[in-house]
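S.K.: Turn this into a model:
(one chain, ligands or ions: 2)
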Amino acid sequence: MSIRTGIVGISGFGGGEALRLIAGHPSFELVYAAGEGSAGSRLVDRFPGVPQALAGLVIEKWDPEALPELDLLFASLPTGASAEALAKVPERVKIVDIGGDHRYAPGWTYGLADVWPEQIKRQARVANPGCFPAATLNALAPLLAGGLIAPGNIVIDAKTGISGAGRGGGGSFGYAESNENLQPYGLLQHVHMPEMATTIERIGGGSAAGLVFTPHLVPMTRGVLVTIYCRGSATMKQCLQTAQSFYADRPFVRVTDRPPQTKWATGSNLSFVSYAADPERDLVIAMGAVDNLGKGAAGHAVQNANLICGLPETTGLEGASIWP
Ligand SMILES: NC(=O)C1=CN([C@@H]2O[C@H](COP(=O)(O)OP(=O)(O)OC[C@H]3O[C@@H](n4cnc5c(N)ncnc54)[C@H](OP(=O)(O)O)[C@@H]3O)[C@@H](O)[C@H]2O)C=CC1
Ligand SMILES: CC(=O)N[C@@H](CCC(=O)OP(=O)(O)O)C(=O)O
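M.R.: Ligands and ions are numbered 1, 2, ... in the order given. Below is the predicted model:
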């Protein structure tokens, strides 16, 4: 069965990764590509490595009221640019929004696919988590659900590759300013705070009022690593066993007994989690590593799309990560 699929924002980093995954997906057929500045170009002009069958597809000017016959739409637009437009897409077209406009918005399901797949199946409007929340919440969920850490005192130290800012994210994240440099940003007010706090409260059953989150830009292309400091008296072994049991039948989360690395996830939809703990100091450290364009964006989006289309969750996502 072919599911007629579109991508809006295809020229960007998130949309481009969605294109790569859909080009190799056995059930999704890319029939529609859209954008703004790239409209009028053929896919091969923007992506010289695109498969021949898709090379001639022309990027349309994005107009939600002039869509071809579609079953599924991936939206990868700048946050703030999708809410109004996606409201005009006909109900029968399923949507996965990779951008930030619909996370915990009414009528939309927050697509934390490794944690609550059953709540995503059969939905028609899914908001993909942000890249930092995907890495963070997958690492924290087993501990919160098992009552091993307190939801109110969580400190997240995060690192991201530069592609996290998107193609349009030049600004102070350009090559000359990022190469051989490290910089914190978004202190105390990052846009991912609300979705992380809401999800921590939802799983942990208590206030996340003490949440602290500081991202840092690292001179690498892809990858998110989070090191999360929590209050709890569990041992490392208890944390690992709790996570192993929580993710026992989940295909994309790997629980490791050594600290995870971003390169383990590159090019994949995998999420690596691990833990360290010192019960005498009431300290648990949770760690998570993902590819910001994989589990952090397009990989997670395809996983969510599989769930809402009634396909096996792993369809089109089974390849190994890229090494080195
Ligand atoms: N990069 C990442 O790691 C992650 C990104 N996200 C989110 O995904 C979304 C896309 O991010 P990313 O791909 O990085 O961003 P990019 O800047 O790389 O791409 C943005 C895309 O949006 C298109 N676009 C911009 N304005 C319009 C418009 N008015 N109408 C139609 N198309 C438009 C651009 O098209 P054109 O070139 O044709 O103008 C481009 O394809 C954002 O919301 C981002 O926050 C989420 C998780 C991770
Ligand atoms: C390096 C960099 O700028 N990264 C982005 C994260 C991208 C993302 O996940 O953003 P959305 O929530 O908009 O989807 C940021 O920190 O805002």
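
S.K.: separation between residue 84 and ligand 2?
M.R.: For residue 84, the distance to ligand 2 equals 16 Å [CB to the nearest ligand atom, to the nearest Å]. (Each C-beta comes from the backbone N, C-alpha and C, glycine too.)

S.K.: in the helix ranked longest in the chain, what's buried?
M.R.: When the chain is scanned for its longest helix (criterion: DSSP state H), the result is helix 131-145. Buried residues in helix 131-145, counted by 16 or more other CB atoms under 10 Å: 131-144.

S.K.: other SSEs contacting the next helix or strand after that helix?
M.R.: As assigned by DSSP states H and E, the chain's next helix or strand after helix 131-145 is strand 155-160. Strand 155-160 sits against helix 131-145, strand 212-217, strand 224-231, with contacts defined as 3 or more CB pairs under 8 Å, 6 or more residues apart in numbering; DSSP states H and E.

S.K.: now the last one, how far from the chain's geometric center?
M.R.: On the basis of CA atoms, centre = their mean, to the nearest Å, the separation between the geometric centre of strand 224-231 and that of its chain is 17 Å.

S.K.: Between helix 131-145 and the next helix-or-strand element following that strand, find me the angle.
M.R.: Later in the chain than strand 224-231, the nearest helix or strand by DSSP H and E is helix 236-246. On the basis of axes from the mean of the first three to the mean of the last three CA atoms, to 10 degrees, helix 236-246 is oriented at 100 degrees to helix 131-145.

S.K.: Which neighbouring elements make contact with helix 236-246?
M.R.: So helix 236-246, by 3+ CB pairs under 8 Å, 6+ apart, packs with helix 131-145, strand 253-255, strand 271-278.

S.K.: Can you lay out these as a markdown table showing distance to residue 35?
M.R.: As requested, the helices and strands packed on helix 236-246 are exported to a markdown table (distance: least, CB to CB, whole Å):
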| stretch | distance to residue 35 |
| --- | --- |
| helix 131-145 | 21 |
| strand 253-255 | 33 |
| strand 271-278 | 29 |
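
S.K.: Mean pLDDT and distance to ligand 2 for those - can I get that in JSON lines?
M.R.: Output for those, formatted as JSON lines (pLDDT from 0 to 100; distance: least, CB to the nearest ligand atom, whole Å):
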{"stretch": "helix 131-145", "mean pLDDT": "99", "distance to ligand 2": "4"}
{"stretch": "strand 253-255", "mean pLDDT": "98", "distance to ligand 2": "19"}
{"stretch": "strand 271-278", "mean pLDDT": "98", "distance to ligand 2": "14"}
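
S.K.: Format the ones you listed as JSON lines; extra columns: distance to ligand 1.
M.R.: What follows is those, written out as JSON lines (distance: least, CB to the nearest ligand atom, whole Å):
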{"stretch": "helix 131-145", "distance to ligand 1": "4"}
{"stretch": "strand 253-255", "distance to ligand 1": "18"}
{"stretch": "strand 271-278", "distance to ligand 1": "14"}
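
S.K.: ok, and what's touching stretch 253-270?
M.R.: Residues outside stretch 253-270 that contact it (CB atoms under 8 Å, 6 or more residues apart in numbering): 114, 138, 159, 161, 220, 222-225, 240, 243-244, 247, 252, 271-274, 276, 287-291, 294-295, 299-300, 302-303, 317, 319-324.

S.K.: What subset of those is buried?
M.R.: Buried by 16+ other CB under 10 Å: 114, 138, 159, 161, 220, 222-225, 240, 243, 247, 252, 271-274, 276, 287-291, 294-295, 299-300, 302-303, 317, out of those.

S.K.: could I get the buried residues of helix 131-145 as TSV with distance to residue 92?
M.R.: TSV is the format used below for the buried residues of helix 131-145 (distance: CB to CB, whole Å):
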residue	distance to residue 92
131	30
132	33
133	29
134	28
135	33
136	34
137	31
138	32
139	37
140	36
141	33
142	37
143	40
144	36
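
S.K.: any idea where the helices of this protein begin and end?
M.R.: Taking DSSP H, the helices of the chain run over residues 13-23, 43-46, 52-55, 83-86, 117-120, 131-145, 175-178, 193-204, 236-246, 299-308.
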